[in-house]
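Student: Below: sequence and its predicted model.
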Amino acid sequence: MVKLTIDGKEVIAREGQTVLEAAREAGIFIPTLCYHHEIKPYTACRLCMVEVTKGKRTRFVTACDYPVADGMVVRTDTEKVKKCRKLVLELLMAQCPNLPQLQELAQVIGVEKVRFSKRDDDCILCGMCVRTCAEVVGLNAIGFEGRGFNRRVCTPFDEPSDPCILCGACSYVCPVNVIPVEEVDGYRIMERWHKKSAMVACSKCGRYFMTEDELRYLKEKTGLPEEKLRICMDCR
């Protein structure tokens, strides 16, 4: 076990935990927009910046990927930390000014105005959808394109992505809810990825619960007979 101090509170953490994980288990709030416990830290949003002191050295680090150490002192609410987070959030709000999730976070962090020129994007480029598709689903159906102001998340060549099974995992993890999934007349539609697929009805209750693309993928991945995969979780 590792003993450290976070905001004056002694915290016992497990070896290998990050500062963010230790803080959350101790009930200490650190804001994030690109973190999920099921995928590797990416440090894209930089909102989880904290001040860490080890020995005589103090530095700013991202809490989501920085490992705990015995005797470490972490400060999550110093004036420098707050100033850093406000700047990061201002930049995100300049890029995506109409996202309610950012506006709500601004109230928590204390951002009252945005000093930078505003754009009209809706993607904060956190990479959650890209990493979930690659690391959790295992398909790499979407990815980043371009650099700087032109960087965005899309399918290859902006065309329907063959690997995409419309599982909706990307939509589920999106922290700003800008990857809509529609289910209409037995079809699942994700316009952002230019994709549409017929859905599969549960063989017991008749409720649509996955796409045909998902069924084919799971059959190949698991080796289970199709009749078992055609039963929804509620009926199993």
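Tutor: Here it is on my side, so go on. Numbering: from 1, shown residues only.
Student: quick one: the most centrally placed residue in the chain from Ala169, how far?
Tutor: Nearest to the mean C-alpha position of the chain, by CA atoms, centre = their mean, lies Met128 at 3.6 Å. Using CB to CB, to the nearest Å, Met128 is found at 10 Å from Ala169. Yep, even glycine has a C-beta here, placed from its N, CA and C like the rest.
Student: Please apply the same query to Phe209.
Tutor: The gap separating Phe209 from Ala169 is 15 Å, by CB to CB.
Student: which residues in this protein form strands?
Tutor: Along the chain, the stretches classed as strands by DSSP state E are 2-6, 9-13, 49-54, 57-62, 73-75, 143-145, 152-154, 182-184, 187-190, 195-201, 208-211.
Student: I'd like a version of those in CSV, one that adds mean neighbour count and mean pLDDT as further columns.
Tutor: What follows is the strands of the chain, written out as CSV (neighbours: other CB atoms under 10 Å; pLDDT from 0 to 100):
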stretch, mean neighbour count, mean pLDDT
strand 2-6, 18, 97
strand 9-13, 15, 97
strand 49-54, 20, 96
strand 57-62, 14, 96
strand 73-75, 19, 98
strand 143-145, 14, 97
strand 152-154, 18, 97
strand 182-184, 11, 96
strand 187-190, 20, 97
strand 195-201, 18, 97
strand 208-211, 20, 96
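Student: State the mean pLDDT of stretch 158-174.
Tutor: The average pLDDT within stretch 158-174 is 96.
Student: Can you give me the end-to-end span of it?
Tutor: 19 Å (CA to CA, to the nearest Å).
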